[in-house]
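1. quick one, structure for this:
(one chain, ligands or ions: 2)
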Amino acid sequence: MIVVEDLHKTFGANKVLRGVNLHVPKGQTTVIIGGSGSGKSVLMKHIIGLLFPDQGRVLVDGEDLCALSESDLVRVRRRFGMVFQGAALFDSMPVWQNVGFALLQHTNMPHGEVMEIARERLEWVGLNADVMERMPAELSGGMRKRVGFARAIAMDPEILLYDEPTTGLDPVMSDVINRLVRSLQERLGITAVMITHDMVSAYYVADHIAMLYLGEIVQSGTPDEIRASREPLVRQFVTGDSTGGVYQVR
Ligand SMILES: Nc1ncnc2c1ncn2[C@@H]1O[C@H](COP(=O)(O)OP(=O)(O)OP(=O)(O)O)[C@@H](O)[C@H]1O
Ligand SMILES: [Mg+2]
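-> Residues are numbered from 1 along each chain as shown. Ligands and ions are numbered 1, 2, ... in the order given. Here you go, the predicted model:
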């Protein structure tokens, strides 16, 4: 469904992506793990066409994002839902309008129906209807995160990108989100890419796991293969050992 080929991206002197190759199979969940600053969010923004590479390309269902016109890019982007790392809610809109934003913008759906969809998606992420009229500033960090998640799934996207959807959530709420990610994939056949630091979440949702380290994929495989990996960088990351010696931070 998504093919990333030899992707390079530099910001100033900072070589963030240094030849990333990744295949994301249709209808499965691919998890990207890797340390802070390793380029995970930058990679994800290339997959949805918010950033463009210096070298290499991203193919979505065979279409090269770099070669598309602005209107074709908009068409391809509409196939995606994205949960941003920092929720990225509109501060001046109540929760239900945030969740239903794309429906309000791109369809003629009556407000009552948009509210009904918002209410349902909020319920899926474990939020009550009483948050519908609240403003983002009146929510906790974890609640904002889940509103961002509800917004990403409001349009029934074919492809979902999750940038650390469980970071900052308590263990029970993380489990609600992990189960939702699994059930979206199993029930609706959604193709998903999830970035996470949380290995419990990674092992639970992933069909494939790829580890990014200093802008390159150092290993990819099934959860069992990653669990049994002998690659020192992977071992050190998945066990959370700061004394392993191999792992450098940027
Ligand atoms: N728009 C940008 N302009 C300049 N530099 C950027 C930009 N976006 C990201 N970077 C740089 O790219 C590097 C990788 O950032 P990125 O956000 O992809 O890290 P990450 O792997 O997602 O980390 P974390 O786990 O902390 O979220 C960092 O050094 C960051 O400063
Ligand atoms: Mg990030």
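2. how near is the spatially most central residue of the chain to I48?
-> Note on the chain: the residue nearest the mean C-alpha position is Y162, at 1.7 Å, using Cα atoms, centre = their mean. Y162 sits 12 Å away from I48, taking Cβ to Cβ, to the nearest Å as the criterion. (Glycine included, C-beta is placed from N, CA and C.)
3. and for S229?
-> Going from S229 to I48 by Cβ to Cβ gives 29 Å.
4. the two - which one has more neighbours?
-> Just comparing S229 and I48: by other Cβ atoms under 10 Å the higher neighbour count belongs to I48, 21 against 18.
5. pull the longest helix seen in the chain out as PDB, backbone CA atoms only.
-> As assigned by DSSP state H, the longest helix anywhere in the chain is helix 171-188. Output of helix 171-188 as PDB, limited to C-alpha atoms (Å, rounded to 0.1, in the frame of the first residue of the first chain):
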ATOM      1  CA  PRO A 171      -2.300   2.200  31.300                       C
ATOM      2  CA  VAL A 172      -6.100   1.500  31.000                       C
ATOM      3  CA  MET A 173      -6.700   4.200  28.400                       C
ATOM      4  CA  SER A 174      -3.600   3.000  26.500                       C
ATOM      5  CA  ASP A 175      -5.200  -0.400  26.400                       C
ATOM      6  CA  VAL A 176      -8.500   1.200  25.100                       C
ATOM      7  CA  ILE A 177      -6.600   2.800  22.300                       C
ATOM      8  CA  ASN A 178      -4.500  -0.300  21.500                       C
ATOM      9  CA  ARG A 179      -7.700  -2.400  21.300                       C
ATOM     10  CA  LEU A 180      -9.300   0.200  19.100                       C
ATOM     11  CA  VAL A 181      -6.300   0.200  16.700                       C
ATOM     12  CA  ARG A 182      -6.500  -3.600  16.500                       C
ATOM     13  CA  SER A 183     -10.200  -3.600  16.000                       C
ATOM     14  CA  LEU A 184     -10.100  -0.900  13.200                       C
ATOM     15  CA  GLN A 185      -7.600  -3.100  11.400                       C
ATOM     16  CA  GLU A 186      -9.500  -6.400  12.000                       C
ATOM     17  CA  ARG A 187     -13.000  -5.100  11.300                       C
ATOM     18  CA  LEU A 188     -12.400  -2.500   8.600                       C
END
